[in-house]
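>>> could you work out the structure for the sequence below:
(one chain, ligands or ions: 2)
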Amino acid sequence: MPDAYILGIESSCDETAAAVVRSGEQVISNVVFSQIATHAQYGGVVPELASREHLRAIVPVVRKALDDAKRTYQSVDALAVTQGPGLPGALLVGISYAKALAFALDKPLIAVNHLEGHIHAVLLEEKQKGNREMRFPVLALVVSGGHTHLYLAEERERGWTYQNIGHTRDDAAGEAFDKVAKLLGMGYPGGPVIDKLSKFGEPHAVKFPMPQIKHRDRREQGQPEPEGPRFDFSYSGIKTSVLRYVEKNQLQAAIAARRRKLAAIAKPSVEEYRAACEQSTLDLVASFQRTMVRDLVEKTLAAARECDVATVFVTGGVAANNELRQTFEQEAARQGLPVYFPSRQLSTDNAAMIAAAAYPKFLVQDFAPADFSAEAGMRLV
Ligand code: KG4
Ligand code: ZN
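Ligands and ions are numbered 1, 2, ... in the order given. This next block holds a predicted model:
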């Protein structure tokens with residue numbers, strides 16, 4: 001099979017990204033333009049602003065990905081673009097541009113599910129490292145600002161198949177990190193800040209109850225019985241618990257002061273964040289992170305045992321979290337299960353994962369029809 005160079009384009013949320021990947025196994029270039037600075041002042045992604053920023057960035061970002069790869073537009077074999085899930089206006093920018101480019105170049109265009117992309121970020125990097133020992137089936141935890149999903153993933157003759165065996169019933173895990181950080185006056189996005197500050201706090205200081213969701217709960221709610229085992233998550237309760245803790249301990253004034261202090265610094269360093277927090281806040285943050293990590297690890301490994309998988313993947317923005325990585329490694333080793341993460345760079349949104357997920361589709365000529373469009377609520381099946 002000759003090498004295939006795929007140009008990937010990703011614009012589902014607040015990163016405009018383009019990358020060139022060779023045959024799903026080597027990143028040739030990877031360009032990510034983050035809009036964090038635009039959205040930070042609003043404490044979250046503003047969809048309308050995201051679309052405008054994508055429109056501004058898409059042409060230079062794609063051009064840079066090709067320049068970095070020392071490739072011309074004509075020399076790529078196919079284009080790949082995120083179809084969904086994501087913000088509709090943001091997705092449409094990437095899709096319109098990819099369609100126009102594919103049409104002008106007369107190259108095939110491949111539509112990729114963003115969640116499938118996160119899973120392929122792991123496969124891509126393992127192949128790049130020369131790891132040919134991967135055992136299947138895989139259980140993949142996709143955990144980001146918009147998603148907390150568990151998928152059983154397998155490679156079949158005509159590409160990859162995925163079965164969702166669990167998801168969050170309310171907030172995504174990354175959303176909980178972001179909302180708690182916002183609540184505590186630490187800015188956006190919250191995950192990286194909480195990750196860095198947690199090591200200065202006492203993780204057992206505050207107890208947060210986590211709901212144990214039973215399969216039975218669904219029947220009681222009158223919902224249809226799902227097929228196969230379900231391992232659902234729920235993270236809106238912990239956010240409310242943090243809010244109650246803040247109220248009970250009258251932390252509001254300290255939070256307002258921290259918010260003002262940090263707003264005056266363009267890009268606060270870890271030491272500046274730390275200096276803006278009392279020890280009790282550092283303890284609160286460390287306890288929150290520990291609870292989140294324990295819940296994600298326990299539920300994922302319970303699912304891995306029940307489904308008898310050979311390998312676990314942890315991917316998506318929250319997979320960049322240090323405590324999550326360490327705890328997964330320790331606990332999975334105890335069960336004799338290999339666990340793989342993407343590098344931090346490929347954990348958060350990027351286009352290399354989109355180009356990598358497109359490669360198996362390229363091999364079977366699974367190309368997007370000319371009339372395909374964005375699917376904001378796209379599911380992975
Ligand atoms: O995958 P991603 O870039 O975008 C989505 O598809 O949502 O994930 C972004 C999310 C944000 O919620 C961010 O706070 C979280 O990932 N995140 C982290 C860390 N780095 C990013 N959460 C915890 N610890 C981190 N180090
Ligand atoms: Zn993502």
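>>> can you pull the contacts of the nearest residue in space to residue 288 that is not next to it in sequence?
Distances taken as CB to CB, 6 or more residues apart in numbering place residue 180 nearest to residue 288, at 5.7 Å, with adjacent residues excluded. For the C-beta atoms, the positions are set from N, CA and C on the backbone; glycine is no exception. Contact analysis of residue 180 by CB atoms under 8 Å, 6 or more residues apart in numbering lists 190, 194, 238, 239, 242, 285, 288.
>>> rerun at 10 Å
Residues in contact with residue 180 (CB atoms under 10 Å, 6 or more residues apart in numbering) are 186, 190-191, 193-194, 235, 238-239, 241-243, 246, 284-285, 288-289, 292.
>>> mark which of those residues are part of helices, please.
In this view, the contacts of residue 180 that belong to helices under DSSP state H are 190-191, 193-194, 238-239, 241-243, 246, 284-285, 288-289, 292.
>>> residue 324 versus the residue of the stretch 1-150 of the chain found nearest ligand 2, what's the distance?
Proximity of the stretch 1-150 of the chain to ligand 2 (CB to the ion) peaks at residue 144, 4.3 Å away. Distance from residue 144 to residue 324, counting by CB to CB, to the nearest Å: 12 Å.
>>> tell me the residues of the chain that contact ligand 2?
Residues of the chain that fall close to ligand 2, judged by CB under 5 Å from the ion: 144, 349.
>>> one more time with 6 Å
Counting by CB under 6 Å from the ion, the positions of the chain adjacent to ligand 2 are 114, 118, 144, 316, 349.
>>> could I get the phi/psi values of the nearest residue to the second one once chain neighbours are set aside?
Looking back up the chat, that one is residue 118. Nearest residue to residue 118, sequence neighbours excluded (CB to CB, 6+ apart): residue 315, at 4.4 Å. Dihedral angles of residue 315 (phi, psi; degrees, to the nearest 10) stand at phi -150, psi 170.
>>> would you confirm that residue 315 contacts residue 342?
Yes - the criterion here is CB atoms under 10 Å, and residue 315 meets it with residue 342 at 5.5 Å.
>>> for residue 376, which non-adjacent residue is spatially closest?
residue 88 is the one closest to residue 376 (CB to CB, 6+ apart), at 4.4 Å.
>>> for the stretch 101-250 of the chain, give me the ranges with low pLDDT.
Scanning the stretch 101-250 of the chain for pLDDT under 70 picks out the ranges 214-227.
>>> find the closest residue to ligand 1 in it.
Nearest to ligand 1, among the residues of the stretch 101-250 of the chain, is residue 191, at 2.1 Å (CB to the nearest ligand atom).
>>> about what we covered before: overlap in contacts, residue 144 and residue 324.
The contact sets of residue 144 and residue 324 overlap at 173, 191, 318 (CB under 10 Å, 6+ apart).
>>> now name the helix or strand holding the closest residue to residue 185 other than its chain neighbours.
When the adjacent residues along the chain are set aside, residue 185 lies closest to residue 259, with 3.6 Å between them (CB to CB, 6+ apart). Applying DSSP states H and E as the criterion places residue 259 in helix 252-263.
>>> for residue 313, same thing?
strand 311-315.
>>> any idea how far residue 167 is from whatever residue of the stretch 151-300 of the chain ends up closest to ligand 2?
Nearest residue of the stretch 151-300 of the chain to ligand 2, counting by CB to the ion: residue 174, 8.7 Å away. When distance is defined by CB to CB, residue 174 is 14 Å away from residue 167.
>>> any buried residues in the helix or strand hosting residue 9, and which?
Per DSSP H and E: residue 9 is located in strand 5-10. Residues of strand 5-10 classed as buried under the neighbour-count rule (16 or more other CB atoms under 10 Å) are 5, 6, 7, 8, 9, 10.
>>> interface residues of the stretch 101-250 of the chain facing ligand 1?
Neighbours of ligand 1 within the stretch 101-250 of the chain, by CB under 6 Å from any ligand atom: 144, 145, 146, 174, 177, 178, 189, 190, 191, 192, 195.
>>> you'd agree the second one is in a helix?
No - Residue 145: not assigned to a helix; according to DSSP: H, G, I helix; E, B strand; the rest coil it is coil.
>>> do a quick rundown of the helices in this structure.
Going by DSSP H, the chain shows helices at 36-40, 47-68, 88-105, 114-128, 173-183, 190-198, 215-220, 236-248, 252-263, 270-275, 279-307, 322-334, 344-347, 352-363.
>>> average pLDDT across the second one?
I take that to be helix 47-68. The predicted model assigns helix 47-68 a mean pLDDT of 97.
>>> can you name every helix or strand that that helix contacts?
Helix 47-68 makes packing contacts with strand 5-10, strand 15-22, strand 26-34, helix 36-40, helix 88-105 when contacts are defined by 3 or more CB pairs under 10 Å, 6 or more residues apart in numbering; DSSP states H and E.
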